[in-house]
Structures are given as C-alpha cells and as structure tokens.
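Colleague: how would this look folded up:
(one chain, ligands or ions: 1)
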Amino acid sequence: IPSSRITSISPSGKDGWEVHVAAMTRRNAGEDIVVLSVGDHDFHTPAETVEACVRAVREGRHHYTNLAGIPRLRAAMARLSTRSSGIETPAGQVIATPGGQAALYAAVQATLDAGSHAVVVAPYYATYPGTFRAAGAEFTVVETRAADGFQPDAGAIEAAVRPNTRAILINTPNNPTGAVYTRAALEGIADLCRRHDLWLLSDEVYWTLGACEHLSPRALPGMAERTIVINSMSKSHGMTGWRIGWLTAPEQLVGLLTGFNLVSTYGLPDFISHATAEAMENDYGVAEIAARYAGRRTVFLDAIRGANQIQVRGSEGGMYVMLDISAIEPDDEAFAWAFLESEKVSVMPGSSFGESAAGHIRISLCKPEPVLQEAAARLLRFISTYR
Ligand code: PLP
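Modeller: Residues are numbered from 1 along each chain as shown. Reported below is the predicted structural model:
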C-alpha cells in the first residue's frame with residue numbers, strides 16, 4: 001500500500017483545471033481554440049543559452065556535480081540574489097535546485113515538521129497545498145480581498161498563527177493575481193514573523209516581471225536570517241523546461257539543505273549548470289522577456305479598457321491578468337465554460353485559486369499581442385451579448 005504521505009499530495013476530486021483540460025482536448029482534436037489558461041512561455045529559451053548548453057555538452061560537462069551546485073553557478077545565483085534583494089549575498093547562502101518547485105519543496109521540508117503548521121496567503125500557486133501535505137504539515141489559508149488588489153493583510157495572517165506555526169508562505173509578484181505586494185504589506189508580515197519567530201517562505205519566481213522594482217521581504221530589517229527565497233530560471237530567463245532554480249537562505253540552513261540534496265537530487269546536471277551560469281552572468285533574455293510581458297499586459301488591458309462591467313484587480317506583474325467579471329456573472333466557472341463555448345477562448349476560473357478570486361477570471365499573457373487583442377475583442381463581444 002502506498003504511504004499516506006504520498007496519497008495525500010493530490011486529493012482526488014475537482015481541481016479547477018476542468019476548463020483548461022477541455023480546451024486542450026478540443027485544440028488537440030484540431031479545433032481553433034485560444035488557450036489563455038496556462039502559464040508557459042510561447043517562445044523558446046534565448047539562443048545564447050541554448051548555445052551555451054550545446055557547448056557545455058561538447059566540452060564534456062557530463063559528470064556528477066557539487067550537491068549545492070557548481071561554484072560558478074552558486075556565485076551567479078548569489079549575484080542575482082544580491083540584485084533582487086539589495087542585500088550582499090555570499091555564495092554560501094544559496095543552493096541550486098531542479099526548478100522553483102523543488103526549491104519550494106526543499107524550503108517546506110527544511111522548516112516544517114510533520115504536524116507543524118504554516119499559513120499561506122491566497123490566492124496562491126496550485127502546488128502549495130500538496131507541498132505542505134508532502135511534509136505532513138498542516139496549513140491555514142488566509143484569503144485576501146479583491147477590492148484591496150489582493151494585497152495581504154498582516155492582521156488576518158496573524159489571526160491564523162497558532163502555537164505550532166513555523167512558517168508563512170507568500171508569493172510576489174503573485175500567481176494567479178499578478179499582484180505585487182506593497183512595502184507596507186510586506187513590512188506588516190515581516191513584523192509578525194519577527195514577533196512570533198516564524199520563517200518567511202517568499203516565492204519570488206516572477207521577480208523580473210513586476211511593473212516596478214522588485215522588493216524582496218528578505219531586505220527588510222531582521223528578515224535575512226528568517227527568510228527563505230524561492231527562485232527560478234523558468235520565468236525570468238525563459239527556461240521552464242530546463243528545471244533549474246535556487247533557494248536563498250541563512251548559511252546554516254543551506255548547509256542542512258546540502259544534505260537534503262544528497263538524498264533527493266544528488267546535484268544538478270553538469271551541462272545545465274554551466275549553461276545556466278552563463279545565462280545568469282550575461283542576463284540572457286531577461287530584459288527582452290520582461291519587456292514582452294509588460295507590452296502584452298498593456299496591450300490586453302488597453303483593449304478591454306472600454307468595458308466598464310469588468311474591473312482589473314492586481315495585474316501589476318507576473319504573467320497573468322485577473323479580471324473581476326462578477327457584475328456580469330458571479331459564477332466564474334460558468335462564465336469560463338460559456339466563454340469557451342461561444343468564443344473558443346479558455347481562461348481559468350478565479351475560484352480555482354480560492355475564495356478571494358471567486359467572481360474573477362485569470363488570463364495568461366503567454367500569447368503574442370495580436371492573439372491577446374483578438375481574445376480581448378472576443379471577450380468584449382461575449383460580455384455584450386451575455387444572457
Ligand atoms: N512558484 C510559482 C508562483 C509559480 O507560478 C511556478 C510555476 O508556474 C513555480 C513556483 C514553479 O516554477 P518552476 O518549478 O518552473 O521553477
């Protein structure tokens with residue numbers, strides 16, 4: 001019999017991806033469906049990064065690597081952590097992982113015992129609950145308010161803290177809302193982490209895709225020693241399929257996580273480590289990708305500006321736009337199904353991401369501007385004739 005830990009990860013039942021799955025099935029059967037329900041880039045990894053990888057393979061980078069990452073890679077990661085937080089970060093405070101998800105998994109394993117508790121701010125990325133369950137940890141979801149632009153409220157988070165709470169998990173820029181947490185919101189969370197002696201797990205995989213300069217809570221007073229930043233090459237450098245990310249954490253925890261890598265990944269692929277280090281050292285693709293998403297966001301939001309039944313919430317960064325469609329149809333799932341049916345555009349119902357995003361739809365910006373313009377035109381037509 002499988003362990004209860006493994007069976008708990010994905011409880012069976014409705015998971016909120018039904019509209020997306022139906023859209024993909026229809027598209028794979030040849031129908032012309034515009035899929036705006038998923039978050040992977042529509043473009044390839046920058047050619048320079050691909051070349052670096054091919055070169056690394058040819059140079060014989062085929063061997064086991066250091067458990068925490070090859071020194072060149074850790075040095076490059078530390079430089080990016082320094083840049084994203086503004087805090088001088090030595091290589092001893094970073095550790096490479098196979099993607100942001102593995103970084104998140106390692107962060108949860110490193111801070112939560114079975115039976116201990118975490119608080120997670122909603123709306124949140126779909127894998128968070130399973131990642132806590134895989135550690136046997138309990139968690140409480142704290143909702144945000146759409147009317148506040150999905151900004152977290154430290155008072156609401158604090159009300160969920162229990163004697164066995166060890167960590168708070170946040171994500172900014174946020175998936176699914178695109179909200180970029182304000183300094184005031186982050187200061188409130190930092191304050192309660194210090195007072196209750198909690199870890200802050202800060203998922204910053206979209207840090208290069210915000211509309212303004214990134215603010216990492218690790219930079220706030222007294223937070224470097226209690227923050228674990230989850231980072232990734234997937235979104236910033238266009239490398240989703242390469243599976244490479246990293247954690248920034250106090251040096252002692254990084255030492256312990258090196259032991260964790262020993263028993264989990266046994267280090268990362270050699271050639272990918274070298275190619276990634278080169279991509280980091282030269283910022284391959286970073287500015288272009290950020291500009292592309294900023295342009296797409298502007299184009300899409302401009303295209304729907306006339307529709308006053310739709311409110312834009314959050315949507316300041318990341319790869320998504322969140323629209324409040326509750327004035328047209330409070331049941332976001334019914335809206336998403338009907339939109340797919342009549343206009344052949346798939347979007348995610350907001351309620352798939354928790355209560356706070358109910359009455360919303362999430363639009364992924366992972367399509368070129370003309371496609372987004374066409375999708376916006378179809379959305380306007382759809383709402384003008386709805387019911
Ligand atoms: N965190 C957030 C908020 C995400 O949206 C994603 C991917 O979509 C991840 C983490 C994991 O990314 P990866 O494992 O590709 O680095």
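Colleague: look up how far Gly30 lies from Tyr320.
Modeller: 27 Å (Cβ to Cβ, to the nearest Å). Heads up, the C-betas are built off the backbone N, CA and C, glycines and all.
Colleague: so for these two, which residue has more residues nearby?
Modeller: For Tyr320 versus Gly30, neighbours defined as other Cβ atoms under 10 Å are more numerous around Tyr320 (26 against 7).
Colleague: for that one, phi and psi?
Modeller: phi -130, psi 160 (degrees, to the nearest 10).
Colleague: which ones are touching Val119?
Modeller: Val119 makes contact with 139-140, 142, 157, 160-161, 165, 167-169, according to Cβ atoms under 8 Å, 6 or more residues apart in numbering.
Colleague: now list the buried members of the residues you listed.
Modeller: 139, 142, 157, 160-161, 165, 167-169 (16 or more other Cβ atoms under 10 Å).
Colleague: closest to Ala190 among those residues?
Modeller: Closest approach between those and Ala190, by Cβ to Cβ: Ile168, at 9.9 Å.
Colleague: I figured that closest one hits Asp203, correct?
Modeller: No - between Ile168 and Asp203 no contact is recorded; they are 11.3 Å apart, counting by Cβ atoms under 8 Å.
Colleague: and the residue in the stretch 1-150 of the chain positioned nearest to the ligand, what does it touch?
Modeller: Using Cβ to the nearest ligand atom, the single residue of the stretch 1-150 of the chain nearest to the ligand is Gly100, 2.8 Å away. Contacts of Gly100 were listed using Cβ under 8 Å, 6+ apart, and they are 203, 205, 230-232, 234, 245.
Colleague: return the distance of it relative to Ser116.
Modeller: Counting by Cβ to Cβ, the gap from Gly100 to Ser116 is 23 Å.
Colleague: over to Glu341?
Modeller: 45 Å.
Colleague: the two: who's more crowded?
Modeller: Taking other Cβ under 10 Å, Glu341 and Ser116 do not tie; Ser116 has more neighbours (19 against 10).
Colleague: pLDDT score assigned to that one?
Modeller: Ser116 is assigned 98 on the pLDDT scale.
Colleague: cool, and Arg378?
Modeller: Reading off the model, Arg378 has pLDDT 96.
Colleague: now do the one 4 residues further on
Modeller: Looking at Phe382, its pLDDT is 96.
Colleague: okay, and it sits in which element?
Modeller: Here Phe382 is covered by helix 369-385, with elements defined by DSSP states H and E.
Colleague: hang on, the earlier thing: can you lay out the contacts of Gly100 as JSON lines showing secondary structure and distance to Arg292?
Modeller: Shown next, in JSON lines, are the contacts of Gly100 (DSSP: H, G, I helix; E, B strand; the rest coil; distance: Cβ to Cβ, whole Å):
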{"residue": "Asp203", "secondary structure": "strand", "distance to Arg292": "22"}
{"residue": "Val205", "secondary structure": "coil", "distance to Arg292": "17"}
{"residue": "Ile230", "secondary structure": "strand", "distance to Arg292": "23"}
{"residue": "Asn231", "secondary structure": "strand", "distance to Arg292": "20"}
{"residue": "Ser232", "secondary structure": "strand", "distance to Arg292": "18"}
{"residue": "Ser234", "secondary structure": "coil", "distance to Arg292": "15"}
{"residue": "Gly245", "secondary structure": "strand", "distance to Arg292": "21"}
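Colleague: Ser356 and Leu36, how far apart?
Modeller: 21 Å.
Colleague: the two: which is more packed in?
Modeller: Leu36 (27 against 24).
Colleague: tell me the contacts of the more buried one?
Modeller: Contacts of Leu36 (Cβ under 8 Å, 6+ apart): 345-347, 363-364, 366-367, 372, 375.
Colleague: same question for Thr89.
Modeller: 78-79, 81-82, 248.
Colleague: how close does it get to Glu251?
Modeller: Taking Cβ to Cβ, one finds Thr89 at 10 Å from Glu251.
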